[in-house]
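**Q** The sequence and its predicted three-dimensional model are supplied below.
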Amino acid sequence: MPTQTSFAEISLAIAHSQQNLRLLELPPDLLDLLSAPRPPRLYLKSSSPRHSRHQSVLSTPADKAAESLHLCTQTQSYQVRQVSTSNSVYIIESSIARPASIRGDDIIQFDESLAQPSSATTAIAKVDTMLELLPVSYDVKFMLERLLPIYTASELSSSEESQSLFLSQSVSVSKDALFSEIPAPNAEIEQAWRDLLAFEFQGRCAKPSASTSFAVWHSVIHWVTLERWDLAGDVNFKGFFVTEQAPSIEAMVAQAILINLEHEKLPNSTASCMHLDRTKVVRWTGMTLLQARLERPDSNPQLLKDDYVGQWQDLLPEGWREDAVLNKLPSGSYAIEVVEGKETIIWMGSDESGSGTAQSVTSEAAKPSSGKRKWHEKFKAQRKEIKK
Amino acid sequence: MPAVPLHLPPSCRPLAVSNPLPHLIQTPSGLALLEIQGTLHTSSNQNATPPQSLDHSLEEDAVQETPIGRLVFPYYNPSLLGEEDVSWMKRVYLYVGKHQRLTGEAKKLGKPVAVLRKKATQEKPDSVVDTEHEGGSEQRGEELEIVEIIKFKILFSGRPEPVDE
């Protein structure tokens, strides 16, 4: 039985001016991240207005807004949920540390000037709700795609005219601002950004239409042939772009295409030299050719299979021409129809283009943000205009 | 809404040596969690008595508080049992005023909690946190920081019982 003097006894007081503190429950994996020697930077992101405008059937906008706050690490996104506590939770502080800043380095200074330890604690904040984290995963590509306007280079006007048209019609939203609209890890959005060949031009973001990508790739192939380079081998990446003072949109699209088609595994790829992934190049050119055709209203809807393969071969480096066979395309992305005894090919849409719905892996409440913000409405209107 | 950066506490901080709480539930910042069934009602601020056990030279004039009572850890005896001993956790008393006592315990949280607060944006960015990242925090409006990560709480789940003075 401990003696009376060994009882640890601490006076408790409550501060009149309570601080505004929140408590956030940390899942084990996030705790590990934060305890690591070099913890990553975390962001809170929100797509709340979209939720509240379009999915407010069951709950109030405030609830929805709270639901759709997300905490993002580099690789994981968590939905932040506010849960009421049944008991009162007070955050107490040992009073001796309080006058100094809560930072540890300040506490040291403080102890030097104060020899007398005080056994007192003060309740500095009362917390009525806990913030819980729920790991979620979204179809980031789908979410990004619907935020990006489509850039279409006009075949009739020069690239400068297309650019000035783009600048005048699009809304100024930087890549950073766009990324902060998507409640997902930035690394994941960056991957989706690459897959969509998106670019940022003078503070405006867009993704090229299939026909623009097709035209750009066509000119890349043309240029490479003139320069007697081989895209199947080492590609001097700098050679493409080093001459451009301020890169045009076309140059940026070309760059985006090449980066997207780059071989991921080869270790000797450097900033100046890259290798293209044969499988990726073949599949992307085949799909882009079909998609681009679809975008052109004047084109004959019936594309003979043999014509298609011929055009496809022309989009490939010399050594890879034999790869232009239909089974290199994703299954389900095309269909073969027999019209008047001839085989024609029809584009059915690709799984990768995000035509499906966004998926929520772990959370039933984590609906994809299908609504739009105001400036996105503008994008949409402008997208229609460009298509005309 | 722009993305709000969430800053982390410096990774290695010394414990506040003056922290009076049992060693196990101490945190570098001196913060801890206290959960009670009910609310601490303080009398109106005008009637507040001055703090009794605080050194006034440390306090800014605006800081005022009302004494509630005292926390007692009856089984806590680090000199006899060592600081690693956890047997004290099963009994904690909170004496409220002179005649009420709450009986509770110290509990390990199922999930540790981070204490968040708004970060003052005017102050110069914390060098420990910011140097390894892009230094673009100045122009942003609201920033949050994790002040502390707490792994234990002192829980009083029962009702108060009357006690003699």
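**A** Yes, it's here.
**Q** residue ranges for the strands of chain B, please.
**A** B:4-7, B:31-36, B:65-73, B:92-96, B:100-119, B:143-156, B:161-162 (DSSP state E).
**Q** where does the stretch 251-388 of chain A have low pLDDT?
**A** Within the stretch 251-388 of chain A, the ranges that satisfy pLDDT under 70 run A:264-272, A:297-301, A:350-388.
**Q** rerun that using 80 as the cut-off
**A** The stretch 251-388 of chain A contains residues with pLDDT under 80 at A:262-275, A:293-303, A:305, A:318, A:324-328, A:330-344, A:346-388.
**Q** Helices of that one, residue ranges please.
**A** Along the stretch 251-388 of chain A, the stretches classed as helices by DSSP state H, counting those that start in this stretch are A:278-295, A:305-314, A:374-387.
**Q** Now do the second one: everything it contacts.
**A** Taking CB atoms under 8 Å, 6 or more residues apart in numbering or on different chains as the criterion, the residues outside helix A:305-314 that touch it are A:221, A:285-286, A:289-290, A:321, A:324-326, A:336, A:342-345. Every residue, glycine included, has its C-beta placed from N, CA and C.
**Q** Buried residues, that helix. List them.
**A** The neighbour-count check on helix A:305-314 (16 or more other CB atoms under 10 Å in any protein chain shown) flags A:Lys305, A:Tyr308, A:Val309, A:Gln311, A:Trp312, A:Gln313 as buried.
**Q** now the longest one
**A** Of the residues in helix A:278-295, those scored as buried under the neighbour-count criterion (16+ other CB under 10 Å) are A:278, A:281-294.
**Q** Stretch B:71-78 and chain A in contact?
**A** Yes: using CB under 8 Å from any CB of the partner chain as the criterion, contacts between stretch B:71-78 and chain A involve B:Leu71, B:Val72, B:Phe73, B:Pro74, B:Tyr75, B:Tyr76, B:Asn77.
**Q** Would you format the residues you listed as CSV with pLDDT included?
**A** Formatted as CSV, those follow (pLDDT from 0 to 100):
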residue, pLDDT
B:Leu71, 89
B:Val72, 88
B:Phe73, 87
B:Pro74, 86
B:Tyr75, 84
B:Tyr76, 83
B:Asn77, 80
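**Q** Now the residue in the stretch 151-300 of chain A positioned nearest to chain B: closest residue in space that isn't a chain neighbour?
**A** Scanning the stretch 151-300 of chain A for the residue nearest chain B gives A:Ser180, at 3.7 Å (criterion: CB to the nearest CB). Once flanking residues are discounted, A:Ser180 sits nearest to B:Ala3: 3.7 Å by CB to CB, 6 or more residues apart in numbering or on different chains.
**Q** How about the contacts made by the one you found?
**A** A:Tyr43, A:Leu44, A:Lys45, A:Cys72, A:Phe179, A:Ser180.
**Q** which of those residues sit farthest apart?
**A** Pairwise distances across those (CB to CB) peak at 13.3 Å, for the pair A:Leu44 and A:Phe179.
**Q** So in chain B, where's the weakest helix or strand by average pLDDT?
**A** When the helices and strands of chain B are scored by mean pLDDT, DSSP states H and E, helix B:127-130 comes last with a mean of 39.
**Q** and B:Pro162, how many neighbours?
**A** 7 (other CB atoms under 10 Å in any protein chain shown).
**Q** One more: A:Ser331?
**A** A:Ser331 has 9 nearby residues by other CB under 10 Å.
**Q** who's in contact with the closest residue to B:Glu105 other than its chain neighbours?
**A** Nearest residue to B:Glu105, sequence neighbours excluded (CB to CB, 6+ apart): B:Lys90, at 5.2 Å. B:Lys90 is in contact with B:Tyr75, B:Glu105, B:Ala106, counting by CB under 8 Å, 6+ apart.
**Q** Just the buried residues of the residues you listed.
**A** Buried members of these, scored by 16+ other CB under 10 Å, are B:Tyr75, B:Ala106.
**Q** Identify, from the contacts of B:Lys90, the entry nearest to chain A.
**A** For these, the nearest to chain A is B:Tyr75 (6.7 Å; CB to the nearest CB).
**Q** now the closest residue to the closest one other than its chain neighbours: how far from B:Gly82?
**A** The spatial neighbour of B:Tyr75 that comes closest, neighbours along the chain excluded (CB to CB, 6+ apart), is B:Trp88 at 3.9 Å. Distance from B:Trp88 to B:Gly82, counting by CB to CB, to the nearest Å: 11 Å.
**Q** out of those two, which sits in the busier spot?
**A** Using other CB under 10 Å as the criterion, B:Trp88 and B:Gly82 rank with B:Trp88 on top: 20 against 9.
**Q** so who does the more buried one touch?
**A** B:Trp88 neighbours (CB under 8 Å, 6+ apart): B:Pro22, B:Phe73, B:Pro74, B:Tyr75, B:Tyr76, B:Asn77, B:Leu81, B:Ala106.
**Q** burial count for the nearest residue to A:Lys280 once chain neighbours are set aside?
**A** Sequence neighbours aside, A:Leu261 is the residue nearest to A:Lys280 in space, at 4.8 Å (criterion: CB to CB, 6+ apart). Neighbours of A:Leu261 under the rule other CB under 10 Å: 23.
**Q** any idea how far A:Leu261 is from A:Trp193?
**A** 15 Å.
**Q** likewise A:Ala324?
**A** 28 Å.
**Q** So if I had to pick from those two, which one is more boxed in?
**A** A:Trp193 (24 against 21).
**Q** Roughly how far does the more buried one sit from A:Leu258?
**A** Taking CB to CB, one finds A:Trp193 at 15 Å from A:Leu258.
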